[in-house]
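Novice: Structure for this input, please:
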Amino acid sequence: MSEFGFRMDGEEPTKRRHVAGWIVALCSLVIIGSVGVWLLTRGVVSQGDYIGAGTGSVVVEVASGASLTEIADSLVGSDVIANGQSFIDAATASGRSIPPGRYTLHEQMDPGVAYLLMLDPSSRSSSRLVIKEGQRLKEIVAQASAITGIPVSEFRAALTRPEAIGLPAAAQGNPEGWLFPATYDVSSKTTATSLLRQMTTRFGETSTAINLTKRAKALGLTPEEVVTIASILQVEVAPDDYGKAARVIYNRLKAGQKLGLDSTVNYALGTSNPNLSGSDLAVDSPYNTYLVKGLPPGPLDSPGEVALEAALSPTPGPWLYFITTDPKTQTTVFTEKEEEFLRLKKLAAGG
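Specialist: The predicted structure follows:
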């Protein structure tokens, strides 16, 4: 089971699509109706608002997390509306939030009409979603939802349909690690399924370019195991040390030693804590590599191409241990001697 809370089985649940459509339509009517009532009762002229649908074209950007007041101020500053409070009142009357993005509106619009236009997907210009290397599935979904305005629940539903989102069979139904970190264009036509498919398609292109399947087999590993190792490298050390850290993992696996990695425990806990406690390290989870031998059951995050390459081509060396002695500079020391590792660990802890 991944941090996201489920392991996908590829079966699409039965949906009452016709009922869902009626519900969406009904909700839309309620929103339009509530704003319509507000438009009829507010006393437009006395408030100094513009009247009508406006003219021309102006693009307004709504930042992620922007408040209604900030959005209204931006619209006033762009001369889309004259009265910010009227826009806030219209939005409050409907109760529906405005997702971040770029909106094509008109100058000198009635604030209620401007608000309704911003709810119309056709007003949204294309924007970009940037997924960084090392982001977990839960973080990717939250960020994608914030940028697109698509509810998290729709992404969750899409993730339960591996074939629909193009998840490779090697992932065994678990999308963690297989959504490639890159920049993606999104628009009003983007859906949860189409966006996730872009990410798996990009992963497929990268895996083909680096010959992931064949090289993993040459190492006696599955593609999923290579992605898992790459995901560990992504959060354990700096890019310059990926190759050495990969070698430590391979050497410890070969020696039958537990990996003892904080990154896997953090994943089990759903945290990113650099200073894990004794109780943290004792968590009962297949991802706790302090207690369980071998690799964790799946990737921890979405690794990039550099980490994947390092997992496929580890640097030759005898190392069995590594420790980051200076987190600020990401300085990591590698050694094959346990006593040296314990000494460095004590120093790093301030002992």
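
Novice: Give me the pLDDT value at the residue positioned nearest the centre of the chain.
Specialist: The residue lying closest to the centre of the chain (Cα atoms, centre = their mean) is Ile140, at 0.6 Å. Ile140 carries a pLDDT value of 97.

Novice: Repeat that for Asp185.
Specialist: 84.

Novice: who does it bridge with?
Specialist: Taking DSSP bridges as the rule, Asp185 bridges to Arg128.

Novice: returning to what we had before: A strand includes the residue nearest to the centre of the chain, no?
Specialist: No - counting by DSSP: H, G, I helix; E, B strand; the rest coil, Ile140 is located in no strand; its state is helix.

Novice: That one contacts Trp178, correct?
Specialist: No - counting by Cβ atoms under 8 Å, Ile140 stays clear of Trp178, with 10.8 Å between them. Any C-beta I mention is one placed from the backbone N, CA and C, and that applies to glycine too.

Novice: overlap in contacts of the two?
Specialist: Met199, Ser302 (Cβ atoms under 8 Å, 6 or more residues apart in numbering).

Novice: returning to what we had before: next up, the contacts around the residue nearest to the centre of the chain.
Specialist: Ile131, Leu179, Met199, Ser302.

Novice: how far away is it from Tyr242?
Specialist: 21 Å (Cβ to Cβ, to the nearest Å).

Novice: separation between the closest residue to Gly52 other than its chain neighbours and Phe87?
Specialist: Nearest residue to Gly52 in three dimensions, chain neighbours excluded: Asp110, at 5.9 Å (Cβ to Cβ, 6 or more residues apart in numbering). Going from Asp110 to Phe87 by Cβ to Cβ gives 10 Å.

Novice: Neighbour count for these two, which is higher?
Specialist: Phe87 (27 against 23; other Cβ atoms under 10 Å).

Novice: hang on, isn't Ala307 packed against Val227?
Specialist: No - at 9.2 Å, Ala307 does not count as touching Val227 under the criterion of Cβ under 8 Å.

Novice: residue ranges for the strands of the stretch 1-150 of the chain, please.
Specialist: 55-62, 101-107, 124-125, 127-130 (DSSP state E, counting those that start in this stretch).

Novice: I misspoke; the intended subject was the stretch 151-300 of the chain.
Specialist: 183-186.

Novice: Pull up the gap between Lys217 and Tyr250, please.
Specialist: From Lys217 to Tyr250 the distance is 15 Å (Cβ to Cβ).

Novice: the more surrounded of the two?
Specialist: Under the criterion of other Cβ under 10 Å, the comparison of Lys217 against Tyr250 puts Tyr250 first, with 17 against 12.

Novice: Look at the closest residue to the more buried one other than its chain neighbours and tell me its secondary structure.
Specialist: Excluding the flanking residues, the one nearest Tyr250 by Cβ to Cβ, 6+ apart is Pro314, at 5.5 Å. Secondary structure state of Pro314, per three-state DSSP, is coil.

Novice: What about Pro314, how many residues nearby?
Specialist: 20.

Novice: how about it, phi and psi?
Specialist: phi -70, psi 150 (degrees, to the nearest 10).

Novice: The nearest residue to Leu117 once chain neighbours are set aside: neighbour count?
Specialist: Spatial nearest neighbour of Leu117, chain neighbours left out: Ser123 (5.1 Å); criterion: Cβ to Cβ, 6+ apart. Burial of Ser123 is recorded as 19 neighbouring residues (other Cβ under 10 Å).

Novice: Give me the pLDDT for Ser123.
Specialist: 80.

Novice: is it true that it touches Gly101?
Specialist: No - the pair Ser123 / Gly101 is not scored as a contact, 9.2 Å apart, by Cβ under 8 Å.

Novice: so who does the closest residue in space to Glu309 that isn't next to it in sequence touch?
Specialist: Spatial nearest neighbour of Glu309, chain neighbours left out: Ile210 (6.1 Å); criterion: Cβ to Cβ, 6+ apart. Contacts here follow Cβ under 8 Å, 6+ apart; on that basis Ile210 touches Glu305, Leu308, Glu309, Leu312.

Novice: where does the stretch 1-150 of the chain dip in pLDDT?
Specialist: 1-47, 126 (pLDDT under 70).

Novice: same check, this time on the stretch 251-351 of the chain
Specialist: 350-351.

Novice: what's the closest of the strands of the stretch 1-150 of the chain to Phe203?
Specialist: strand 127-130 (15.1 Å; Cβ to Cβ).

Novice: Alpha carbons of that closest one, as CSV, please.
Specialist: Output of strand 127-130 as CSV, limited to C-alpha atoms (Å, rounded to 0.1, in the frame of the first residue of the first chain):
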residue,chain,number,x,y,z
SER,A,127,-1.1,27.5,-17.4
ARG,A,128,1.7,25.3,-16.3
LEU,A,129,2.2,22.6,-13.6
VAL,A,130,5.7,22.0,-12.5
